[in-house]
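J.: Give me a 3D structure for the following:
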Amino acid sequence: MEITFLGTSEAVPTAKKGQTAIILNYDGENILIDCGEGTQRQMKIVGFNLCKITRVLITHWHADHILGIPGMLQTLVLSNYSKTLHIYGPRGTKQHMDMMLRMFVFQGKLKVEVHEIVRDGIFLETDNFSLSAHRMEHFCNCLAYSFSEKDKRRIKMDYLKKIGLKPGPLVGQLQKGKTIEFNGKKVSPQQATSIQKGRKVAFILDTAPNKNCIAAAKDADLLVAEATFLESEHADKAEERGHLTAKQAGTIAKQAKALRLLLTHISQRYARDESGILAEAKKVFKNCELAKDFMKIVL
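T.: Next comes the predicted model:
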């Protein structure tokens with residue numbers, strides 16, 4: 001699993017930071033979380049092929065999180081994108097996408113399926129992972145997302161060697177959790193396999209503090225959270241604008257029992273020195289760092 005940060009600024013891009021966009025790569029899926037202005041250019045800089053995108057998760061429809069969508073769609077058309085692009089978002093997403101598609105003159109056709117998420121919990125499940133959403137508080141319909149890998153059975157190769165069982169259909173049955181019979185004896189999945197716990201990544205972008213933040217980030221291996229303001233200096237602005245402070249982001253990570261925290265969407269007022277943001281969060285949750293454009297995290 002690899003997470004690539006394409007843009008980590010707040011509402012206004014800076015000379016060093018693009019607007020919010022993150023790619024999660026896993027098992028053939030390339031999931032784009034938000035698509036701020038200039039996202040496809042950022043993809044080119046990191047050498048990512050736009051046509052590999054499989055899904056887009058929109059947290060909310062503020063301009064700095066969606067302005068890259070029209071350009072991305074046109075490039076996909078011009079690149080002969082052959083898959084169906086699945087776009088997910090909060091209530092109102094179908095209307096917004098319809099308006100966007102009618103506003104611009106696209107050359108060619110593109111298969112797009114738009115899915116509105118109207119309730120908290122799992123909205124997509126595959127054999128290997130699930131995607132969940134939780135409603136946030138940000139003056140508009142807004143969601144946090146979490147990606148949860150399913151637990152996997154790992155074969156105990158030493159055990160198979162000990163009993164003389166070679167790779168094949170019987171091993172496949174064990175991986176599915178079924179008991180088999182080999183050389184006249186029953187072999188259970190508990191004997192021949194172990195469970196590898198699936199990993200979880202949560203994305204909390206643009207929200208005021210609320211109880212759903214803990215639910216979205218619960219037991220996450222990695223929490224990506226906005227930390228727009230310093231609590232010590234601009235707590236009033238954070239409350240006024242519906243954002244998290246660095247301290248609040250750290251508190252969410254701690255209460256949710258996350259393992260690691262990455263801070264993003266930091267106000268440009270701290271552009272010259274963001275160390276205060278990190279220091280404030282670390283007072284509450286030590287295992288955290290600042291996200292930067294083009295940073296890659298491998299889990």
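J.: From here on, just use CA atoms for contacts and neighbour counts.
T.: Noted.
J.: Was I right to think Gly38 contacts Gln19?
T.: Yes. In this structure, Gly38 is within contact of Gln19 by Cα atoms under 8 Å, at 7.3 Å.
J.: And the helices in the chain?
T.: For the chain, the helices defined by DSSP state H occupy 39-46, 69-78, 93-103, 157-163, 169-175, 189-192, 211-217, 231-241, 246-255, 275-282.
J.: what angle separates the last one from helix 231-241?
T.: Helix 275-282 runs at 90 degrees relative to helix 231-241, counting by axes from the mean of the first three to the mean of the last three Cα atoms, to 10 degrees.
J.: How about helix 275-282, which residues are buried there?
T.: Within helix 275-282, the residues scored as buried using 16 or more other Cα atoms under 10 Å are Ile277, Leu278, Ala279, Glu280, Ala281, Lys282.
J.: ok, now the second one?
T.: Along helix 69-78, these residues count as buried under the neighbour rule (16+ other Cα under 10 Å): Ile69, Pro70, Gly71, Met72, Leu73, Gln74, Thr75, Leu76, Val77.
J.: Quick check: nearest residue in space to the third one, chain neighbours excluded?
T.: This means Gly71. Gln40 (7.6 Å; Cα to Cα, 6 or more residues apart in numbering).
J.: Quick check: the one you found vs Thr54, distance?
T.: 14 Å (Cα to Cα, to the nearest Å).
J.: coming back round to it: need the max-distance pair from the buried residues of helix 275-282.
T.: Of all pairs drawn from those, the widest gap by Cα to Cα lies between Ile277 and Lys282 and measures 8.7 Å.
J.: ok so, going back, what sits against the residue nearest to Gly71?
T.: By Cα atoms under 8 Å, 6 or more residues apart in numbering, the contact set of Gln40 is Leu50, Gly68, Gly71, Met72.
J.: so how far is Asn49 from it?
T.: For Gln40, the distance to Asn49 - Cα to Cα - is 9 Å.
J.: mind listing what Thr8 touches?
T.: Shown in contact with Thr8 (Cα under 8 Å, 6+ apart): Lys17, Gly18, Gln19, Thr20, Ala21, Thr264, His265, Ile266, Ala291, Lys292, Asp293.
J.: Could you list which of the residues you listed belong to strands?
T.: The strands, defined by DSSP state E, take in Ala21, Thr264 from these.
J.: okay, now Ile33: neighbour count?
T.: 24 (other Cα atoms under 10 Å).
J.: Leu262 too?
T.: There are 21 residues near Leu262, going by other Cα under 10 Å.
J.: which residues touch it?
T.: Residues in contact with Leu262 (Cα under 8 Å, 6+ apart) are Leu222, Leu223, Val224, Ala225, Cys288, Glu289, Leu290, Ala291.
J.: Same check on Glu10?
T.: By Cα under 8 Å, 6+ apart, Glu10 lies in contact with Gln19, Thr20, Asp64, Thr228, His265, Ile266, Ser267, Gln268.
J.: how deep is the first one tucked in, by neighbour count?
T.: Using other Cα under 10 Å, Gln19 has 29 other residues around it.
J.: Just to check, it is in contact with Phe5?
T.: No. Taking Cα under 8 Å as the definition, Gln19 is not a contact partner of Phe5, at 10.2 Å.
J.: As a check, name the ranges of all strands in the stretch 101-250 of the chain.
T.: 112-116, 121-125, 129-135, 143-149, 152-155, 180-182, 185-187, 193-196, 200-204, 222-226 (DSSP state E, counting those that start in this stretch).
J.: Domain ranges for this structure, per the record?
T.: 2-151+197-298, 153-194 (automatic domain parsing).
J.: Any idea how far the shortest one is from the middle of the chain?
T.: Translated: domain 153-194. A distance of 35 Å separates the centroid of the chain from that of domain 153-194, by Cα atoms, centre = their mean, to the nearest Å.
J.: Report the mean per-residue pLDDT for it.
T.: For domain 153-194, the mean per-residue pLDDT is 89.
J.: what does stretch 4-24 give?
T.: For stretch 4-24, mean pLDDT is 94.
J.: With stretch 230-243 instead?
T.: The average pLDDT for stretch 230-243 rounds to 94.
J.: Nearest to the spatial middle of the chain, which residue is it?
T.: The centroid of the chain falls nearest to Phe203 when counting by Cα atoms, centre = their mean (5.2 Å).
J.: Is the nearest residue to that one once chain neighbours are set aside bridged to anything, and to what?
T.: Leaving aside its sequence neighbours, Phe203 sits nearest to Val224 (Cα to Cα, 6+ apart; 4.8 Å). Assessed by DSSP bridges, Val224 has beta-bridge partners Phe203, Leu262.
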